[in-house]
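Novice: how would this look folded up:
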Amino acid sequence: MRNGGETGRIGLDIYRRDPNIVYAIVQHEKGGTYRSEDKGETWKKMGDTNPRPSYYSQIRIDPNNDLRIWELGAPMFYSEDGGKTFSTQRVRGIHGDYHAMWIDPADSNHMLTGSDGGIHWSYDAGKTWDFVNTIAIGQFYEVALDNEKPYHICGGLQDNGSWCGPVQTLTRDGIVNEDWQVIHGATASTRPSTLWSRGSCTPNRRTATSIAGTCARDR
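Specialist: Predicted coordinates:
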């Protein structure tokens with residue numbers, strides 16, 4: 001940016017069929033979405049869209065259409081005119097906060113996206129999505145252990161509450177989803193049955209004292 005001011009994060013993508021075409025989303029008071037047709041030597045501003053750049057800064061070009069642009073954010077931003085206008089209504093009905101996207105070079109209808117809620121795939125260019133529920137993944141911010149034997153692991157998940165699960169099991173299938181239980185907004189204490197929560201409590205055997213004072217139980 002030659003007009004002064006600080007420039008923050010920049011997201012880039014190169015058009016697969018013609019590497020002269022490059023798109024950038026720039027964090028700046030005059031930033032937004034930019035397009036270059038000479039490998040970045042010169043740029044044209046297409047629009048102001050750049051959703052929460054300090055957190056996302058991800059842009060994708062359809063590998064078969066240089067005017068079809070995706071910008072990742074809390075909703076998904078979709079453009080058919082090279083970033084002049086965007087819609088957030090294309091991708092609906094699945095967990096938001098998108099951080100990753102792959103578009104099949106052989107078939108643009110086939111897509112994968114990764115968000116705070118996991119992985120989804122689409123076979124109709126993002127109109128409908130299937131949740132990939134066969135991969136054990138989670139985005140933990142903090143984890144803690146209790147003093148039970150065998151001990152339990154508790155942690156706070158991004159956008160998905162807090163959970164506790166065992167470190168061991170006697171079943172031949174190993175630890176499964178059903179072995180985990182949700183504890184909303186909680187962290188473990190040194191007492192096996194006590195959890196401290198920043199928010200509301202749920203009535204189950206591992207829920208304990210709420211810092212906010214909404215409920216308290218210690219057995």
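Novice: what residues are up against the closest residue to Glu80 other than its chain neighbours?
Specialist: Ranked by CB to CB, 6 or more residues apart in numbering and with sequence neighbours excluded, the top spatial neighbour of Glu80 is Arg68, at 5.8 Å. C-beta here means a position set from N, CA and C on the backbone, and glycine is covered the same way. Contact analysis of Arg68 by CB atoms under 8 Å, 6 or more residues apart in numbering lists Ile61, Asp62, Tyr78, Ser79, Glu80, Ser108.
Novice: what does Val132 give?
Specialist: For Val132, the contact set (CB under 8 Å, 6+ apart) comprises Gly118, Ile119, His120, Trp121.
Novice: what's the helix or strand for the third one?
Specialist: Assigned by DSSP states H and E, His120 belongs to strand 118-122.
Novice: packing partners for that strand?
Specialist: strand 111-115, strand 130-131 (3 or more CB pairs under 8 Å, 6 or more residues apart in numbering; DSSP states H and E).
Novice: can you put the ones you listed in JSON lines and add mean neighbour count?
Specialist: Shown next, in JSON lines, are the helices and strands packed on strand 118-122 (neighbours: other CB atoms under 10 Å):
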{"stretch": "strand 111-115", "mean neighbour count": "20"}
{"stretch": "strand 130-131", "mean neighbour count": "12"}
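Novice: rewinding a little: now do the buried residues in the strand holding His120.
Specialist: Gly118, Ile119, His120, Ser122 (16 or more other CB atoms under 10 Å).
Novice: what strands line up against the strand ranked longest in the chain, and which way round?
Specialist: Counting by DSSP state E, the longest strand found in the chain is strand 65-72. Here strand 65-72 is paired, per DSSP bridges, with strand 58-62 (antiparallel), strand 76-79 (antiparallel).
Novice: just want the angle from the longest one to strand 111-115.
Specialist: Put simply, strand 58-62 runs at 170 degrees to strand 111-115, going by axes from the mean of the first three to the mean of the last three CA atoms, to 10 degrees.
Novice: for strand 58-62, what is the average pLDDT?
Specialist: Strand 58-62 comes out with an average pLDDT of 97.
Novice: what's the answer for stretch 30-37, then?
Specialist: pLDDT averaged over stretch 30-37 gives 96.
Novice: contacts for it, please.
Specialist: 1, 3, 5, 7-8, 20-26, 42-50, 53, 59, 69, 71, 82-83.
Novice: same thing but at 7 Å, please
Specialist: Here stretch 30-37 makes contact (CB atoms under 7 Å, 6 or more residues apart in numbering) with 1, 3, 20-26, 42-50, 82-83.
Novice: got TSV for the buried residues of strand 118-122, with distance to Asn177 and pLDDT too?
Specialist: Formatted as TSV, the buried residues of strand 118-122 follow (distance: CB to CB, whole Å; pLDDT from 0 to 100):
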residue	distance to Asn177	pLDDT
Gly118	13	88
Ile119	16	93
His120	18	96
Ser122	24	97
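Novice: wait, which of those is closest to Asn160?
Specialist: For the buried residues of strand 118-122, the closest approach to Asn160 (CB to CB) belongs to Gly118, at 9.3 Å.
Novice: for that closest one, list each beta-bridge partner.
Specialist: Ser115.
Novice: these two touch, right, it and Gly138?
Specialist: No: counting by CB atoms under 7 Å, Gly118 sits too far from Gly138 to count as a contact (8.6 Å).
Novice: before we move on, back to that, distance-wise, check the residue nearest to Glu80 relative to Tyr78.
Specialist: 8 Å (CB to CB, to the nearest Å).
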